[in-house]
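In: return atomic coordinates for the entry below.
(2 chains)
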There are 2 protein chains.
Amino acid sequence: MYIAMNRFTINKGHEDAFETVWRKRDSKLEQVPGFRTFHLLKGAHDEENGTTLYASHTIWNSREDFVNWTKSENFREAHKNAGSNKGMYSGHPNFEGFEAVIGE
Amino acid sequence: MYIAMNRFTINKGHEDAFETVWRKRDSKLEQVPGFRTFHLLKGAHDEENGTTLYASHTIWNSREDFVNWTKSENFREAHKNAGSNKGMYSGHPNFEGFEAVIGE
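Out: Now for the predicted structure:
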């Protein structure tokens, strides 16, 4: 099992708009071999910086399945608008991938 | 759905020992109301600092279920040895909790 998380730091006041972008997206992940689940997660609010942490969280059968998706037309289609709505973001998204060492 | 992750930064050469601590633990999480899944995850290796990122990753029906567990005897029992094996760790564990805003 492999987990791919992309961390987004969202400026205060833009939280609802950020969530709406994700709600309205036309995901075709269900068609991708090895894909298991997607969640959009909301993490801690940082009072000092006026930002809220979000993370996209996908579970895959294996790292290979995830990497194959990142090389696919499906991935390019899913990310074609990734550069818009720049006012929402405090900095770039931060990717982290994790291999399960205990648990299936 | 709620995800509780605890991030551990492990000094080089201690990775196998750290994984063994988790493999050998006597988990009773399956008995806890609202608990769904546990995984131990291995993340990126940081060449510069000579450390590897790990994360314990538990999925719960709700944040409330997780918080109730942290107040239980089951939790105290699970963490009674948390202070040992200090040479493994580079710094303290770093907890992050996430609420799912999209996905069940």
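In: pull stretch A:13-29 out as CSV, backbone CA atoms only.
Out: Taking Å, rounded to 0.1, in the frame of the first residue of the first chain, the C-alpha atoms of stretch A:13-29 are listed here in CSV:
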residue,chain,number,x,y,z
GLY,A,13,-10.6,33.5,3.8
HIS,A,14,-9.9,31.2,0.8
GLU,A,15,-10.8,27.9,2.5
ASP,A,16,-14.3,27.6,1.0
ALA,A,17,-13.1,28.5,-2.5
PHE,A,18,-10.3,25.9,-2.2
GLU,A,19,-12.7,23.2,-1.1
THR,A,20,-15.1,24.1,-4.0
VAL,A,21,-12.3,23.7,-6.5
TRP,A,22,-11.9,20.1,-5.3
ARG,A,23,-15.6,19.4,-5.1
LYS,A,24,-16.2,20.6,-8.6
ARG,A,25,-13.3,18.8,-10.2
ASP,A,26,-14.2,16.0,-12.6
SER,A,27,-12.1,13.2,-11.2
LYS,A,28,-11.5,10.0,-13.2
LEU,A,29,-9.3,8.4,-10.5
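In: in the lowest-mean-pLDDT helix or strand in chain A, what's buried?
Out: Least confident helix or strand, chain A: helix A:73-78 with a mean of 88, by mean pLDDT, DSSP states H and E. Applying a neighbour-count criterion of 16 or more other Cβ atoms under 10 Å in any protein chain shown, one finds A:74-75, A:78 buried in helix A:73-78. For glycine as for every other residue, the C-beta is placed from the backbone atoms N, C-alpha and C.
In: now do stretch A:7-15
Out: Within stretch A:7-15, the residues that count as buried by 16+ other Cβ under 10 Å are A:7-11, A:14-15.
In: hmm, who's touching the least confident helix or strand of chain A?
Out: Residues from elsewhere that reach helix A:73-78, judged by Cβ atoms under 8 Å, 6 or more residues apart in numbering or on different chains: A:25, A:27-29, A:31-32, A:69.
In: and the spatially most central residue of chain A, bridged to which residues?
Out: In chain A, the C-alpha nearest the mean C-alpha coordinate belongs to A:Ser56, at 2.7 Å (Cα atoms, centre = their mean). Beta-bridge pairing of A:Ser56, defined through DSSP bridges, involves A:Asn6, A:Leu40.
In: show the pLDDT at A:His57.
Out: A:His57 carries a pLDDT score of 98 in this model.
In: then A:Gly91?
Out: A:Gly91 carries a pLDDT score of 90 in this model.
In: give the contact list for it.
Out: For A:Gly91, the residues meeting the contact criterion (Cβ under 8 Å, 6+ apart) are A:Thr9.
In: gap between it and chain B?
Out: In this structure, A:Gly91 and chain B are separated by 17 Å, where distance is defined by Cβ to the nearest Cβ, to the nearest Å.
In: what about that residue, which SS state?
Out: At A:Gly91, secondary structure determined by DSSP: H, G, I helix; E, B strand; the rest coil is coil.
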